[in-house]
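**Student:** Model the structure of this input:
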Amino acid sequence: MKNSIIKTKYKLIPESVDLVSEDVNGFLTALKTQKRNVLRTRLTVEEILLSMMDKFPSDKEFTYIRSKSIGKPFISISYSGEVFNPLEKDDDDEFGDFSSSLIQSNDYVPSYNYDKGVNTITIRLAKKETNPIFKLLFAIVAAVLFSLIKFVVPHDAIAFIKNNVLDSLYNAFLGLMTTIEVPLVFLSVTCGIIGIGDSTVFGKIGRKMVMRFVTVILFFTTIAGVVFSMFFVSFSDEGTGGGISVKVGIDMLLDLIPKKLSEPISSGNTMQVVLMAIIIGVTLVVLGSKAKTVSKLINEGNNIIVYITGIISKLLPVFIFIVILDMIWSGNVRRFISMWKPIVAFVAVLAILLGLMIMAVSTRENVSAQKLMKKMLPTFLIGFGTASSVAANGECSDSLYRTMGVNKRFVEFGQPVGGVVFMPSTAINFMVAAVYMASYYKVKVSLLWFIIAIMICTFVAIATPPVPGGAIAAYSVIFAQLGIPTEAVAIVVTLDILFDFIATACDGAFLQLELIRQADENKMLNFDVLRK
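**Tutor:** The predicted structure follows:
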């Protein structure tokens with residue numbers, strides 16, 4: 001299928017619904033989309049058109065657009081006239097609707113917009129990407145093979161390549177990530193607060209759900225941090241090195257307050273940026289419709305910076321190649337090999353926490369743990385095999401509704417919100433990287449350092465957009481705030497691909513278990529289906 005934008009006008013009649021549905025099926029199949037996501041998208045489009053038929057007369061026209069041009073492919077339906085959002089659920093306003101930027105950031109979730117008399121519903125589709133593990137292996141093998149030229153090339157030539165080529169490319173890549181770091185953090189945090197705090201979008205159950213997600217992440221990250229600290233670091237109240245003593249920590253907390261508005265951006269102080277984002281986000285929520293234009297601009301700015309981050313992430317295999325090659329030529333391969341320790345610690349802590357949560361849900365809901373794990377396994381395997389939460393979305397939703405008995409409306413709202421907000425494994429990933437690298441670089445760790453690490457890892461995990469390359473900016477923010485040298489980013493980001501496979505699979509499992517618990521509390525769980 002060639003890159004193209006196809007626009008077709010239809011009358012709002014049953015025959016048109018069938019034609020559009022068939023076209024959606026063929027379009028997604030040609031994109032090699034997972035069959036389950038093809039079905040979900042097709043049914044979503046049909047439901048939207050049927051809702052429009054109930055609202056408008058049969059002579060009403062709508063425009064169907066599908067695109068496979070630059071950027072993510074998408075499907076959209078637009079129609080002129082009065083404001084009508086077929087995604088809104090009038091029968092249950094305790095959740096909210098699908099107009100939240102948090103939900104819209106999830107692929108395959110429709111978004112609604114009304115502008116200059118035109119209603120537009122858009123479904124953005126994830127492109128089929130090469131498995132990241134292949135990219136990692138290719139970069140490592142290429143670096144090892146290229147490193148062999150040192151046996152046939154003069155030492156001076158190797159030194160020239162290392163100092164003038166590798167180091168320059170390395171600094172340029174980190175410079176790109178540093179450039180987008182401040183706007184990425186600011187826009188992500190601000191958009192998140194606007195999405196969570198908008199009472200017209202999130203109903204009673206919706207707000208409670210999001211707050212519960214955040215609380216669970218904070219709890220898990222604290223437990224993980226305690227375990228990691230027992231193995232990798234020893235606490236100190238001294239203020240030497242790059243660590244944070246009590247006095248230095250208090251000074252850092254006071255330093256959160258910028259002396260002038262431009263200071264957070266000019267100095268690159270990420271914690272000041274976060275504070276400024278929180279203040280602006282809360283202010284926009286309080287003002288509501290009075291600042292609707294500003295909120296929209298911030299959301300659009302966030303979309304732009306996330307897209308730029310995705311483009312830069314395409315260079316990640318090249319960055320990994322440079323890092324591995326530099327390690328080999330510098331004789332620092334042992335540094336990379338020693339990273340098996342945080343990997344093992346990460347896997348062990350996740351296994352323990354996931355096991356405990358399975359047992360807790362099993363006991364509370366009176367369902368066999370073995371049966372529960374069997375129902376969770378398909379989603380887990382898809383996440384582990386692809387490192388893509390998008391690929392696992394369809395199976396995750398279907399399993400929750402069809403085999404775990406969670407109310408369909410609860411799943412429709414909770415799964416996409418949780419897919420963006422609920423990232424406990426990612427927060428634990430950041431925590432183990434921070435603690436291990438603090439140990440590796442002999443950073444002094446105090447109790448205050450530990451508390452700040454928990455807070456920032458939790459917050460960054462929630463704020464970081466789920467796009468390739470987002471983790472690089474996240475590590476830069478975390479390490480800079482905790483006094484860990486910048487060069488640690490190069491080591492961790494290489495192994496982040498491996499972390500991502502594990503984290504994606506476990507995040508999906510944690511989300512299913514948490515939604516079962518919350519559905520029970522809200523009396524929206526079918527125990528007969530769950531225990532079947």
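
**Student:** which of the residues in stretch 289-300 are buried?
**Tutor:** Across stretch 289-300, burial judged by 16 or more other Cβ atoms under 10 Å covers A291, S295, I298, N299. Where you see a C-beta, it was placed from the backbone N, CA and C, and this is true even at glycine.

**Student:** And the contacts of that stretch?
**Tutor:** Residues outside stretch 289-300 that contact it (Cβ atoms under 8 Å, 6 or more residues apart in numbering) are S101, L187, T190, C191, I194, T283, L284.

**Student:** my guess is the fifth one contacts V282, does it?
**Tutor:** I take that to be I194. No: applying Cβ atoms under 8 Å as the test, I194 and V282 come out as separate, 9.2 Å apart.

**Student:** more crowded one of the two?
**Tutor:** Taking other Cβ atoms under 10 Å, I194 and V282 do not tie; I194 has more neighbours (25 against 14).

**Student:** Do you have the strands of the protein handy? List them.
**Tutor:** Applying DSSP state E to the chain gives strands spanning 5-11, 61-67, 74-80, 111-115, 118-124.

**Student:** quick one: which of the contacts of stretch 289-300 sit in helices?
**Tutor:** S101, L187, T190, C191, I194, T283, L284 (DSSP state H).

**Student:** roughly how far out does the lengthiest helix in the chain sit from the chain middle?
**Tutor:** Identified as the longest helix of the chain according to DSSP H is helix 487-521. Its chain's C-alpha centre and that of helix 487-521 lie 9 Å apart, by Cα atoms, centre = their mean, to the nearest Å.

**Student:** same thing with stretch 155-171?
**Tutor:** Here stretch 155-171 is found 34 Å from its chain centre; the criterion is Cα atoms, centre = their mean.

**Student:** Straight-line length of it, end to end?
**Tutor:** Stretch 155-171 has an end-to-end distance of 23 Å (Cα to Cα, to the nearest Å).

**Student:** pLDDT on it, on average?
**Tutor:** Average pLDDT, stretch 155-171: 83.

**Student:** ok, now stretch 514-532?
**Tutor:** Taken as a whole, stretch 514-532 carries a mean pLDDT of 90.

**Student:** Stretch 377-387 too?
**Tutor:** Mean predicted confidence for stretch 377-387 is 83.

**Student:** what's the answer for stretch 284-303, then?
**Tutor:** Mean pLDDT, stretch 284-303: 80.

**Student:** same question, stretch 187-197
**Tutor:** 72.

**Student:** how distant is it from the center of its chain?
**Tutor:** Taking mean C-alpha positions (Cα atoms, centre = their mean), stretch 187-197 and its chain are 14 Å apart.

**Student:** got it, and stretch 477-485?
**Tutor:** 21 Å.

**Student:** Buried ones in stretch 215-235, by neighbour count?
**Tutor:** With the criterion 16+ other Cβ under 10 Å, stretch 215-235 contains buried residues 216-218, 220-225, 227-229, 232-233.

**Student:** same check, this time on stretch 396-408
**Tutor:** Within stretch 396-408, judged by 16+ other Cβ under 10 Å, the buried ones are C396, S397, D398, S399, L400, Y401, T403, M404, G405, V406, N407.

**Student:** now swap in stretch 272-279 and tell me
**Tutor:** For stretch 272-279, using 16+ other Cβ under 10 Å, the buried residues are Q272, V273, V274, L275, M276, A277.

**Student:** Nearest to G355, out of these: which one, please.
**Tutor:** V274 (33.3 Å; Cβ to Cβ).

**Student:** Relative to F459, how far out is the nearest residue to that closest one once chain neighbours are set aside?
**Tutor:** The shortest distance from V274 to any non-neighbouring residue, by Cβ to Cβ, 6 or more residues apart in numbering, is to V189 (5.8 Å). Going from V189 to F459 by Cβ to Cβ, to the nearest Å gives 8 Å.

**Student:** between the buried residues of stretch 272-279, which is nearest T29?
**Tutor:** Distance to T29 across those (Cβ to Cβ) is lowest for A277, with 41.1 Å.

**Student:** list the contacts for the closest residue in space to that closest one that isn't next to it in sequence?
**Tutor:** Excluding the flanking residues, the one nearest A277 by Cβ to Cβ, 6+ apart is V189, at 3.8 Å. By Cβ under 8 Å, 6+ apart, V189 lies in contact with V274, A277, I278, G281, F459, A463.

**Student:** quick revisit: farthest pair within the buried residues of stretch 215-235?
**Tutor:** Using Cβ to Cβ, the pair of those lying farthest apart is V216 and V233, separated by 24.9 Å.

**Student:** Output the contacts of V189 in CSV, with distance to C506 and pLDDT appended to each entry.
**Tutor:** Below are these laid out as CSV (distance: Cβ to Cβ, whole Å; pLDDT from 0 to 100):
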residue, distance to C506, pLDDT
V274, 26, 73
A277, 28, 80
I278, 28, 78
G281, 29, 81
F459, 20, 80
A463, 20, 72
